[in-house]
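Participant: Task: produce atomic coordinates for the following.
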Amino acid sequence: MADQDQTLFSQRFRGFFPVVIDVETAGFNKDTDALLEIAATTLKMDDEGILSLDQTLHFHVKPFEGANIEQAAIEFNGIDPFSELRGAEDEDVVIKEICKMVRKAQKAAGCSRSVVVAHNAAFDHGFLNAAIERNKIKRTPFHPFVSFDTTSLAGLALGQTVLAKACRTAGIEFDNSQAHSALYDTERTAELFCFIVNKWQALGGWPLPELAAEEDEGFED
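Facilitator: Okay, the predicted model is just below:
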C-alpha cells in the first residue's frame with residue numbers, strides 16, 4: 001500500500017484500523033460457551049479514500065477444553081462441533097493467525113490499533129476478547145473495548161438494523177441460505193460497512209471542513 005494510502009487510512013478513523021469479525025458459537029456466554037467458527041476481513045483504501053474488502057481469514061474452531069455446548073445454539077447455526085469433516089483447528093492457533101494477519105495489514109495502513117467491526121458488535125467482540133484472554137495471547141492488535149457496530153450504523157444510514165435487510169437496502173446481495181456462516185456474514189458485513197463509510201464521504205461528510213482547511217494550508221506552505 002502506498003504512503004498516501006497509509007496517510008488517508010490513518011487519518012480516517014483516528015489511527016484505528018477497522019477489521020470486520022463474525023463468530024458462530026455454542027451459546028451466548030463468552031466465558032463458558034464454545035467458539036465454533038470465526039472469520040476476519042481486513043479493508044483497504046484507495047487514493048480517493050474509498051474503502052473496499054481486502055483479505056479474509058476463516059476458521060472452524062475446536063471447542064476449548066471444558067467448553068459448554070448449548071443444544072439450541074447448534075441447532076440454530078447447524079454446526080456439529082465434533083464433526084471431523086469441519087476441519088476445525090485449535091482455538092489458540094486460530095486466534096494467533098488472525099492477529100498475525102491483522103497486525104500486518106494494520107502496519108501497512110499506517111494505523112496504530114485495530115478495531116472490531118461487527119453486526120451487534122458487543123457479541124462478536126466479547127467472544128474474540130474471551131478467546132484472546134483464554135489463550136493468553138499478549139500481542140493482540142485489537143482495542144480491548146472500542147468497536148464499530150454496523151447495526152447502529154445501518155440504522156442511521158439505511159433505516160434497517162437486520163443484516164440481511166440492511167444489505168438489500170444498500171444494494172448488496174444477501175442469500176439467506178448462506179447466512180449464519182461466519183465467512184458469509186463477515187464479508188456481507190464488510191461490504192455494508194464500506195458502503196456506509198463511502199456513502200458518507202460521497203455526501204460530503206468526510207473529510208471534516210476544518211481538516212480539509214488544514215490540508216489546503218499545508219499545500220500552501
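
Participant: Where does pLDDT dip in this protein?
Facilitator: Within the chain, the stretches with pLDDT under 70 are 1-7, 211-221.

Participant: So which residues of the protein form helices?
Facilitator: 3-12, 71-77, 91-108, 121-134, 150-158, 163-169, 182-202, 209-220 (DSSP state H).

Participant: Take the ones you listed and write them to a markdown table, including mean neighbour count and distance to Gly49.
Facilitator: To be clear about C-beta, it is placed using only N, CA and C from the backbone, and glycine gets the same treatment. Converted to a markdown table, the helices of the chain look like this (neighbours: other CB atoms under 10 Å; distance: least, CB to CB, whole Å):
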| stretch | mean neighbour count | distance to Gly49 |
| --- | --- | --- |
| helix 3-12 | 17 | 5 |
| helix 71-77 | 13 | 36 |
| helix 91-108 | 19 | 16 |
| helix 121-134 | 20 | 23 |
| helix 150-158 | 18 | 17 |
| helix 163-169 | 18 | 22 |
| helix 182-202 | 21 | 6 |
| helix 209-220 | 9 | 12 |
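
Participant: so which of the ones you listed comes closest to His143?
Facilitator: helix 121-134 (9.2 Å; CB to CB).

Participant: That closest one packs against which elements?
Facilitator: strand 16-25, strand 35-45, helix 91-108, strand 113-118, strand 142-149 (3 or more CB pairs under 8 Å, 6 or more residues apart in numbering; DSSP states H and E).

Participant: let's go with 10 Å and repeat that
Facilitator: With contacts taken as 3 or more CB pairs under 10 Å, 6 or more residues apart in numbering; DSSP states H and E, helix 121-134 sits against strand 16-25, strand 35-45, helix 91-108, strand 113-118, strand 142-149, helix 150-158, helix 182-202.
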